[in-house]
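Colleague: Any chance you can model this:
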Amino acid sequence: MAGRTPEAIEAERRVLLVSLFATVGSTILVIFGTLAVMAGRSGLALVLLVTAVLCLAFMLYSRLTGRARDVSYFLSALAFLLGVFLILHGGVEGTGVYFAFPVAIIMVMAGFTSVRFTMWICALFIAVVALGLYGPYSQEWVYPYSLVEKSRIMVALAALVLLAVLAEWMRVRSYSATVDTHEQLSVDARRDPLTGLLNRRGFEEAIAEFSSERFPAVLSLMDLDHFKTVNDLHGHEAGDEVIRAFAEHLRRNLKGRDLLCRWGGEEFVVLLGQAQPDEGWAVLDDIRRDFAGTRLPIGDNGLRVTFSAGLACMCDARDFETALARADQCLYRAKDAGRNRLQIAETEYKQGVAEPVG
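Modeller: Residues are numbered from 1 along each chain as shown. Purely as a prediction, here's the structure:
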């Protein structure tokens with residue numbers, strides 16, 4: 001089951017449940033329906049054979065439409081009616097109640113959606129059976145069980161239904177926990193734990209989902225200047241604090257629709273959607289100037305940190321790798337030119353280098 005989501009596994013379970021109950025149930029119903037015909041019990045035979053046909057029809061509908069969940073509700077309702085009939089009718093010499101017990105379990109398993117909903121259905125099932133057993137009906141409509149037999153049927157049915165509900169509740173709780181864990185792991189796999197920004201994998205997946213309306217876009221590869229010196233002089237905890245501070249600075253100064261990523265180490269990637277080169281340049285240069293003028297609470301006198309960045313344009317999501325390579329080349333040129341500056345290819349923007357903050 002590796003590689004499949006819990007939702008997909010649960011959907012497959014539904015399909016398997018419908019197919020299993022419909023196939024096995026209809027086979028058993030046809031056998032007993034045939035025996036009922038041979039015994040001259042036409043009413044019982046009719047109910048059993050019609051139910052078998054409905055089971056097969058539900059399974060076929062589920063296969064054709066893929067709506068296994070909806071079909072399971074119909075199957076549950078069918079089990080409800082069949083269980084009530086077998087208990088009240090009595091089957092052959094009162095043995096119908098024994099076949100109604102597994103049908104009641106099927107009713108719970110097939111239609112289980114929530115504990116509250118299922119408890120209401122089960123309560124209704126038991127109430128209908130109790131009304132039929134203890135109501136003032138003639139023996140033509142209800143099998144003449146003794147008072148002791150009626151009590152045993154009610155106690156056994158209530159206990160069986162309760163155990164079935166508890167079993168399904170435990171399964172659903174386990175399924176919910178699996179879904180929550182899967183979702184959390186999915187988020188964790190796409191987020192950088194230090195900054196909370198997208199990591200490389202999350203960023204690449206987000207770009208693949210970028211709508212065409214958000215292009216053209218400006219891609220920027222950023223690198224904190226002299227970051228190794230920060231670690232050497234102030235320690236790695238201070239380096240982590242600088243990275244967190246820079247990530248927060250980016251969050252505050254960019255739109256929610258823009259993509260932010262910690263690419264690795266002290267490198268960050270930003271994608272500005274619906275931006276022309278001059279617009280992207282202006283936004284990122286403002287961010288550069290503001291960050292360079294910010295004194296971070298590190299060391300005795302605080303610390304100023306700058307960053308350099310390379311910019312490239314993207315026409316669509318397929319241009320990502322090429323744009324990233326161009327931005328990387330521009331970043332190196334910005335570093336060689338003295339750091340604390342932006343660089344963009346002259347073919348993409350009339351200005352090649354932004355001057356450093358004085």
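Colleague: Roughly how far does residue 236 sit from residue 339?
Modeller: Counting by CB to CB, to the nearest Å, the gap from residue 236 to residue 339 is 22 Å. No exception for glycine: its C-beta is placed from N, CA and C like everyone else's.
Colleague: Give me the more crowded residue out of those two.
Modeller: The neighbour comparison of residue 236 against residue 339 (other CB atoms under 10 Å) goes to residue 339, with 15 against 10.
Colleague: Next secondary structure element downstream of the helix or strand of the chain with the lowest mean pLDDT?
Modeller: Within the chain, no helix or strand scores below helix 147-190, which has a mean of 77 by mean pLDDT, DSSP states H and E. Toward the C-terminus, helix 147-190 is succeeded by helix 200-208 as the next helix or strand (DSSP states H and E).
Colleague: elements contacting the next helix-or-strand element following that following helix?
Modeller: Next along the chain after helix 200-208, taking DSSP H and E as the criterion, comes strand 217-224. Here strand 217-224 touches helix 236-253, strand 267-272, helix 277-292, strand 307-314, helix 320-336, going by 3 or more CB pairs under 8 Å, 6 or more residues apart in numbering; DSSP states H and E.
Colleague: which parts of the longest one are buried?
Modeller: Pointing back at helix 236-253 there. 238-239, 241-243, 245-247, 249-250 (16 or more other CB atoms under 10 Å).
Colleague: Can you lay out those residues as a markdown table showing distance to residue 41 and pLDDT?
Modeller: Compiled in a markdown table, the buried residues of helix 236-253 are given as follows (distance: CB to CB, whole Å; pLDDT from 0 to 100):
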| residue | distance to residue 41 | pLDDT |
| --- | --- | --- |
| 238 | 87 | 91 |
| 239 | 84 | 91 |
| 241 | 83 | 93 |
| 242 | 85 | 94 |
| 243 | 80 | 94 |
| 245 | 82 | 93 |
| 246 | 82 | 94 |
| 247 | 76 | 94 |
| 249 | 82 | 94 |
| 250 | 78 | 93 |
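Colleague: Closest to residue 51 out of the residues you listed?
Modeller: Nearest to residue 51 among those: residue 247, at 62.5 Å, using CB to CB.
Colleague: rewinding a little: most neighbours per residue, which of the helices and strands packed on strand 217-224?
Modeller: Mean neighbour count, computed with mean count of other CB atoms under 10 Å, is highest for strand 307-314 among the helices and strands packed on strand 217-224, reaching a mean of 26.
Colleague: mind listing what that strand pairs with, with the direction of each?
Modeller: In the sheet, strand 307-314 lines up against strand 217-224 (antiparallel), strand 342-344 (parallel) (DSSP bridges).
Colleague: Ranking these by mean neighbour count, which comes first?
Modeller: Greatest average neighbour count among the strands paired with strand 307-314 goes to strand 342-344 (a mean of 26), per mean count of other CB under 10 Å.
Colleague: For that strand, what is the distance to the chain centroid?
Modeller: Relative to the mean C-alpha coordinate of its chain, strand 342-344 is positioned 40 Å out (CA atoms, centre = their mean, to the nearest Å).
Colleague: How about residues contacting it?
Modeller: The contact list for strand 342-344, computed with CB atoms under 8 Å, 6 or more residues apart in numbering, reads 220, 277, 281, 284-285, 288, 308-312, 330-331, 333-334, 337, 351-354.
Colleague: For residue 257, which of the strands paired with strand 307-314 is the nearest?
Modeller: With CB to CB as the criterion, residue 257 lies closest to strand 217-224 of the strands paired with strand 307-314, at 10.4 Å.
Colleague: next one: that closest one to chain centre, how far?
Modeller: The chain centre lies 31 Å from the centre of strand 217-224; the measure is CA atoms, centre = their mean.
Colleague: now stretch 311-329
Modeller: Counting by CA atoms, centre = their mean, stretch 311-329 is centred 31 Å from the centre of its parent chain.
Colleague: Let me see the domain layout of this structure.
Modeller: 6-188, 200-344 (automatic domain parsing).
Colleague: and the ones you listed, which one's lowest on average pLDDT?
Modeller: Sorting those by mean pLDDT places domain 6-188 lowest, at a mean of 83.
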